[in-house]
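Peer 1: please work out how this folds:
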Amino acid sequence: MSIEYTPGPLLDAARNTPTALWNDSSDPSELAQSISFGGVGATCNPTIAYTCINQRRDVWLPRIAELAKEMPDATESEIGWQVVRELSLEAAKLLEPIFEAENGRNGRLSMQTDPRLARSAKALADQAEEFHNLAKNIIVKIPATSVGLEAIEEATYRGVSVNVTVSFSVAQAVTTGEAIERGLKRREAEGKDTSQMGPVVTLMVGRLDDWIKEVAARDKMFLDPGHLEWCGVAAFKRAYQEFRKRGLRARMLSAAFRNVMHWSEFVGGDVVVSPPFTWAKLINDSYYQMEERMDIPVREDIMKTLLSIPEFVRAYEPDGMTPEEFDTFGATVKTLRGFLQADADLDTLVRDVIMPAP
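Peer 2: Numbering: from 1, shown residues only. Sure thing, here's the model as predicted:
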């Protein structure tokens, strides 16, 4: 594949540090441009998939009508998820040469398991295996919940490269990283290959920022609002240190961008950063000079503010929450509800095609 690269700080980081750039969208046109910035992967979730389909209605609405004829017994949901499969495979094809060149470490397209399956570890692991078998460079998102932990280990054992999602805390990152490690070791103990597996553990840094800001406002806390922009950065850096200390092989992935620090503060780490394309373009069009900052601690005065917030401490400490508490953490509940709503929105879009209002 011949790539015409676009100079800028993203390409500098991609070429000169171990930090990998993935695009937070499976839209093929955006992904192609991300690859020109040095991008080597892509992520997706129900909200992003719905947005991609809705933005290309000229392509996908006629396809939905065709699928309704091809699948006469299918539900709205089954038709919608078939569109998600096709959209994902289109994007995955763009990344295949990178996958081959990097032996599976990068060049992957993320597909997310159906959030409506979140109560069943077996259903999550089975769907993860199904998505894994769609293309050799698919990586599958499973949520960092108490049920998801079991599915993450089982899917990894089955040979699925997992991208942990719905994850906002150091405890979730470490616990799921250890679940991946158990799955890898089970495979290796049986002589099964792990050489092309490329698991990652996402920390949705911006959604942690959002939640702590909401808590601070709810509790009428008087503090520097600028310091709250650092919640996700501080948690991600702590999780990265824990992964190295514990020898966990999965890479950390930064997602849910809210500011440029969600890329710039992690450059230099052996991590993945996954900005939406609008953020990637903003960064690459800037005059910012790339600097390795992954091992630079968050300022002491900022940390003093953050550690005065009990809800942040829960997210920051490796033992700050139990797996059962993952399920009721505010950011987890809000995110899963958003994903469920995106699934419902996709059902509605399909319904409007196959059964338009009179």
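Peer 1: are we agreed that L109 is in a strand?
Peer 2: Yes - in this structure, L109 lies within a strand as judged by DSSP: H, G, I helix; E, B strand; the rest coil.
Peer 1: for it, which non-adjacent residue is spatially closest?
Peer 2: In space, and not counting its chain neighbours, L109 is closest to A92: 3.9 Å by CB to CB, 6 or more residues apart in numbering. C-betas here are computed from N, CA, C, even on glycine.
Peer 1: name the helices or strands packed onto the helix or strand containing the one you found?
Peer 2: Using DSSP states H and E, A92 sits in helix 76-101. Applying 3 or more CB pairs under 8 Å, 6 or more residues apart in numbering; DSSP states H and E, one finds that helix 76-101 contacts helix 28-36, strand 39-42, helix 46-55, helix 57-70, strand 108-112, helix 330-354.
Peer 1: how about that helix: buried residues?
Peer 2: 76, 79-85, 87-88, 91-92, 94-96, 98-99 (16 or more other CB atoms under 10 Å).
Peer 1: report the angle between that helix and helix 57-70.
Peer 2: 120 degrees (axes from the mean of the first three to the mean of the last three CA atoms, to 10 degrees).
Peer 1: distance between helix 76-101 and the chain's centre?
Peer 2: 16 Å (CA atoms, centre = their mean, to the nearest Å).
Peer 1: repeat that for stretch 236-249.
Peer 2: 18 Å.
Peer 1: need the CA coordinates for it. CSV is fine.
Peer 2: Output of stretch 236-249 as CSV, limited to C-alpha atoms (Å, rounded to 0.1, in the frame of the first residue of the first chain):
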residue,chain,number,x,y,z
PHE,A,236,-3.8,7.0,32.6
LYS,A,237,-0.3,7.7,33.7
ARG,A,238,-0.8,5.8,37.0
ALA,A,239,-2.3,2.8,35.1
TYR,A,240,0.6,2.8,32.7
GLN,A,241,3.1,2.6,35.6
GLU,A,242,1.1,-0.3,37.1
PHE,A,243,1.1,-2.2,33.8
ARG,A,244,4.9,-1.9,33.6
LYS,A,245,5.4,-2.8,37.2
ARG,A,246,3.1,-5.9,36.9
GLY,A,247,4.5,-7.0,33.5
LEU,A,248,1.1,-6.9,31.8
ARG,A,249,1.4,-7.4,28.1
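Peer 1: what about this protein, any weak spots by pLDDT?
Peer 2: Along the chain, the model assigns pLDDT under 70 to residues 1-2.
Peer 1: excluding chain neighbours, what is closest to S195?
Peer 2: Nearest to S195 is N103, by CB to CB, 6+ apart, at 7.0 Å.
Peer 1: doesn't that neighbour lie inside a helix?
Peer 2: No - with three-state DSSP as the criterion, N103 is assigned coil and is not in a helix.
Peer 1: from N23, how far out is it?
Peer 2: According to CB to CB, to the nearest Å, N103 and N23 sit 21 Å apart.
Peer 1: those two: who's more crowded?
Peer 2: N23 (28 against 11; other CB atoms under 10 Å).
Peer 1: who does that one bridge with?
Peer 2: Beta-bridge partners recorded for N23 (DSSP bridges): A42.
Peer 1: most packed of the helices and strands packed on helix 76-101?
Peer 2: Most buried of the helices and strands packed on helix 76-101, by mean neighbour count (mean count of other CB atoms under 10 Å): strand 108-112, with a mean of 29.
Peer 1: for it, which strands pair with it and how are they oriented?
Peer 2: Here, using DSSP bridges, strand 108-112 pairs with strand 39-42 (parallel), strand 138-143 (parallel).
Peer 1: reformat these as CSV; add distance to R119.
Peer 2: Listed next are the strands paired with strand 108-112 as CSV, based on distance: least, CB to CB, whole Å:
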stretch, distance to R119
strand 39-42, 28
strand 138-143, 11
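Peer 1: closest one to S264 among these?
Peer 2: For the strands paired with strand 108-112, the distance to S264 is smallest for strand 39-42, at 16.5 Å, taking CB to CB.
Peer 1: just the CA coordinates of the closest one, formatted as PDB?
Peer 2: These are the backbone C-alpha positions of strand 39-42, laid out as PDB (Å, rounded to 0.1, in the frame of the first residue of the first chain):
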ATOM      1  CA  GLY A  39      -2.400   6.100  12.100                       C
ATOM      2  CA  VAL A  40      -2.100   2.400  12.400                       C
ATOM      3  CA  GLY A  41      -5.500   1.300  13.700                       C
ATOM      4  CA  ALA A  42      -9.100   2.400  14.400                       C
END
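Peer 1: which parts of the stretch 101-250 of the chain are strands?
Peer 2: Taking DSSP state E, counting those that start in this stretch, the strands of the stretch 101-250 of the chain run over residues 108-112, 138-143, 162-165, 200-204.
Peer 1: would JSON lines of the ones you listed with distance to D270 be doable?
Peer 2: Listed next are the strands of the stretch 101-250 of the chain as JSON lines, based on distance: least, CB to CB, whole Å:
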{"stretch": "strand 108-112", "distance to D270": "16"}
{"stretch": "strand 138-143", "distance to D270": "17"}
{"stretch": "strand 162-165", "distance to D270": "16"}
{"stretch": "strand 200-204", "distance to D270": "11"}
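Peer 1: pretty sure Q196 is one of the things the residue nearest to S195 touches, is it not?
Peer 2: Yes - in this structure N103 lies within contact range of Q196 using CB atoms under 8 Å: 5.8 Å.
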